[in-house]
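In: Sequence first, then the predicted structure:
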Amino acid sequence: MLSQKLEDALNGQSNAEFYSSYLYLSMSAYFQSRNLNGFAHWMRIQAQEELQHALKFYDYVHERGGTVTLTTVEQPPSTWESPLAAFENAYQHEQHVTSLINELYSLAEAERDRATMIFLDWFISEQVEEEASASDVVEKIKLIGDDTGSGLYMLDRELGERGPLTESSEAD
Ligand code: MG
């Protein structure tokens, strides 16, 4: 059985993942409005991935006999100064999520809940990838210069090739 404290924290993390999904979908809409359809596609896939993260927490709380509580999801920003600003925001957000996962792990450790520690291992590895993929796009935009020139067009094409979610990134 999950402790109340851990149950609340897991529900809280589920909300944070729903917010991530909302944030990236909002970024997708922003890119769409700027006719950067490849950027928009990349963010839309990212939003789907975050929804799967939220559902992993949802399913885990149920699996452990806990109560899932869905709460209000904060409104994300709807516009950014530039594609670079949006991806820098995404990168900062993923660093924040990493710190939330680390705090959750410390709580599971303090509560001596080994099953939750093992469950969180997947997220710890996932955050390394999430930070790397956001940072990778930030660096690429910096390299080409954040304007509407041909570099941005080429990157838009590249991001548009992001494949659908793989089995490993979906909730079990
Ligand atoms: Mg996530």
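Out: Sure thing, it's come through. Numbers count the residues shown, from 1 in each chain.
In: Buried ones in stretch 109-126, by neighbour count?
Out: Across stretch 109-126, burial judged by 16 or more other CB atoms under 10 Å covers Asp113, Thr116, Met117, Phe119, Leu120, Phe123, Glu126. C-beta here means a position set from N, CA and C on the backbone, and glycine is covered the same way.
In: same check, this time on stretch 152-164
Out: Here stretch 152-164 shows Leu152, Leu155, Asp156, Leu159 as buried, counting by 16+ other CB under 10 Å.
In: What of stretch 16-33?
Out: Buried residues in stretch 16-33, defined by neighbour count with 16+ other CB under 10 Å: 16-31.
In: and the residues you listed, which of them are in helices?
Out: Residues of the buried residues of stretch 16-33 located in helices (DSSP state H): 16-31.
In: Would you mind trimming the residues you listed to those in range of the ion?
Out: Restricting those to those within reach of the ion (CB under 5 Å from the ion) leaves Glu17, Ser20.
In: And the ones in helices among the buried residues of stretch 16-33, which two are furthest apart?
Out: Every pair in these was compared (CB to CB); the two farthest apart turn out to be Ala16 and Phe31, at 22.6 Å.
In: Quick check: which element contains the closest residue to Tyr105 other than its chain neighbours?
Out: Leaving aside its chain neighbours, Tyr105 sits nearest to Leu120 (4.9 Å; criterion: CB to CB, 6 or more residues apart in numbering). Leu120 is part of helix 114-144 when elements are defined by DSSP states H and E.
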